[in-house]
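K.L.:
coords please:
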Amino acid sequence: MSPNLELAITTIGDLLLHNKITQREEDKPIDDINLEIPEYQRPYKWKAKNVIQLWDDILEAKNANKEIYRVGTLILHKTKKKEEDKIIHNIVDGQQRTITFSLLLKALDSDSDIRFLNQRLADNQYNKNNVPSNFRTLVRRVNNIEDEKEKEKLLEYIQDHCELIVVITDDISEAFQFFDSQNARGKKLYPHDLLKAYHLREMNDMEAAEIERTVKDWEDLDQKILSELFSEYLYRVKEWTKGNRADELTEHNIHKFKGITRKENYPYAQFYKGAYAYSDMVNNSAMPFVAGIRNINAFQLDTPIIAGKPFFDYAKHYFEVLKDIRKNDKYEGVYIKEYESEIIKTLNLPRYTNGTGNKITRLLFDTAILLYIDRFCPERRTKKDSERLDQFVVFAFIWAYSLRAQYINLGWATAQNYIMGGAIRQRESVINSFNVYRVITEADSPDALLSMLSDMVKPLPDGKIKAKKDDIDKKNDKDEDKDVYQNFLYYFKLHKFLEEADGNQKAAP
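P.N.:
Residues are numbered from 1 along each chain as shown. Purely as a prediction, here's the structure:
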């Protein structure tokens, strides 16, 4: 066992009422335990159903005369609070249960002194709503017990017979590593959770305060969007740029995001580590401000990741880019000028956001633009940069939605074949089936890319279109959307990517 790691067992009563841990390996208690919830912790998300389940489990154990009822694991990071000059124990894992048991003890005995409840929680809606709501739920449960002796027996059982296994370490990195390994045993973690654990281990030479800030920044991100960022966007783009199929990001292929460690000194590794170090040094200096130069982008989607702290910076960077795309603020207002944003407004209509086929096509469109922006769009764009992007958006739209136009029922197998540039069914030709992601990464400049796409993106023959062509020129008649065209094929017609049976291109009047 690591010299920094200490295992112990404590009853709920000793921990929360007497501020001590009952027993450690040397059979001695640990006194003066100051439990605190650090800033990087997630909010208190337990709701009434979780609280009621815990209540029922405790009653079942009590009624079964279980001498000891183990209620989980508590992982603590022991550190010194400099401003108060005292030792505190930050809760790394076990926050939800610890808060709930504190509320339960308070509901059973309103006079109990629980020091843990005196601290101020982070100001967020989860804490504001769930703490008082769950306390009221527990009070109602307690009030339903009419026999006072039964209340006392229940309180005694919780205090003296409900136990926690406690892990204490003064190494913050080790605390997070133990937390992730424990969670991996208990439930399936998302790939991005496993990546978090891996890259935290690569930060074991950093100051604890820096690690805590990094974890807090990570936890502050919307975890659902973060999961989608890795599984739907970053993983797929990484595979597609290499000409591979991208099926699903799992624990078996997350090595693609583990990157280059500090120990690797191969020439290619030194090159990428040096590029990151240089951009990080410049961006965190006064040079961009003084010289009036642009910040240097430290990341590229198709290059290796640097393990440790750069991975978290990488995730945050692309999280912000994706958020801009999904919210359409930079996507419409800055990245894409008014003329081209009409495409986005049509694609945002419910008819094009619902259904598997529509979602797949939109993902192809968004990831193509994400890759273009990553490769060719500087932080401060010139007029020419914007004009080139506008042209690319049209090509990306025609490429992605040529697939949607040619298939009524569209699934991932068909989409992957389309990207790979192969025939989707035997003896079937599919217009504009090629790997646009490889084309983007192999282009040395946006002008070269646009030139290649001009030759590669073909008009759709009328006979190949399976999508509905009715009302192709119709705008919405609702006041709020009156300028939005209702059929995505209008933009094929507008940009001369529709062909009549005689081979003539259809153009908007």
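
K.L.:
quick one: stretch 143-153 to chain centroid distance?
P.N.:
Between the centre of stretch 143-153 and the centre of its chain there are 45 Å (Cα atoms, centre = their mean, to the nearest Å).

K.L.:
begin at 50, not 1, for the rest of this chat.
P.N.:
OK, 50 is where the count begins now, so the last one is stretch 192-202.

K.L.:
C-alpha coordinates for it, PDB please?
P.N.:
Taking C-alpha atoms only, stretch 192-202 is exported to PDB below (Å, rounded to 0.1, in the frame of the first residue of the first chain):
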ATOM      1  CA  ASN A 192     -43.000  12.100  11.400                       C
ATOM      2  CA  ASN A 193     -44.700   9.000  10.000                       C
ATOM      3  CA  ILE A 194     -43.100   6.900  12.800                       C
ATOM      4  CA  GLU A 195     -45.600   7.400  15.700                       C
ATOM      5  CA  ASP A 196     -43.700   5.300  18.300                       C
ATOM      6  CA  GLU A 197     -40.900   7.500  19.800                       C
ATOM      7  CA  LYS A 198     -39.000   4.400  20.900                       C
ATOM      8  CA  GLU A 199     -38.900   3.200  17.300                       C
ATOM      9  CA  LYS A 200     -37.400   6.600  16.300                       C
ATOM     10  CA  GLU A 201     -34.800   6.300  19.000                       C
ATOM     11  CA  LYS A 202     -33.900   2.700  17.800                       C
END
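
K.L.:
give the rounded mean pLDDT of that stretch.
P.N.:
Stretch 192-202 comes out with an average pLDDT of 92.

K.L.:
now swap in stretch 548-558 and tell me
P.N.:
56.

K.L.:
can you check stretch 151-168 too?
P.N.:
The average pLDDT within stretch 151-168 is 92.

K.L.:
check stretch 417-428 too.
P.N.:
Confidence for stretch 417-428, expressed as mean pLDDT, is 88.

K.L.:
what lies in contact with it?
P.N.:
282, 286, 290, 343-344, 346, 348-351, 370-371, 374, 380, 384, 434, 437-438, 441-442, 445, 448-449, 485-486, 489-490, 494-495, 498 (Cβ atoms under 8 Å, 6 or more residues apart in numbering). C-beta here means a position set from N, CA and C on the backbone, and glycine is covered the same way.

K.L.:
restrict those to the buried ones and give me that as a PyMOL selection.
P.N.:
Only the buried members of the contacts of stretch 417-428 end up in this PyMOL selection, burial being decided by 16 or more other Cβ atoms under 10 Å:
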select buried, resi 282+286+290+348+350+351+370+371+374+380+384+437+438+441+442+445+448+449+485+486+489+490+495+498
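
K.L.:
all strands of the stretch 250-399 of the chain, in order?
P.N.:
Using DSSP state E, counting those that start in this stretch, the stretch 250-399 of the chain contains no strands.

K.L.:
where does it dip in pLDDT?
P.N.:
336-343, 374-389 (pLDDT under 70).

K.L.:
please redo it, this time with the cut-off set to 80
P.N.:
Applying pLDDT under 80 to the stretch 250-399 of the chain flags residues 250, 253-258, 300-301, 332-346, 371-390.

K.L.:
hmm, back to that, helices - which of the contacts of stretch 417-428 land there?
P.N.:
Secondary structure from DSSP state H places 286, 290, 370-371, 374, 434, 437-438, 441-442, 445, 448-449, 485-486, 489-490, 495, 498 of the contacts of stretch 417-428 in helices.

K.L.:
against which helices or strands is the longest strand anywhere in the chain packed?
P.N.:
In terms of residue count, the longest strand belonging to the chain (DSSP state E) is strand 118-130. Packing contacts for strand 118-130, counted by 3 or more Cβ pairs under 8 Å, 6 or more residues apart in numbering; DSSP states H and E, involve helix 97-112, strand 135-142, helix 144-157, strand 211-218, helix 221-235.
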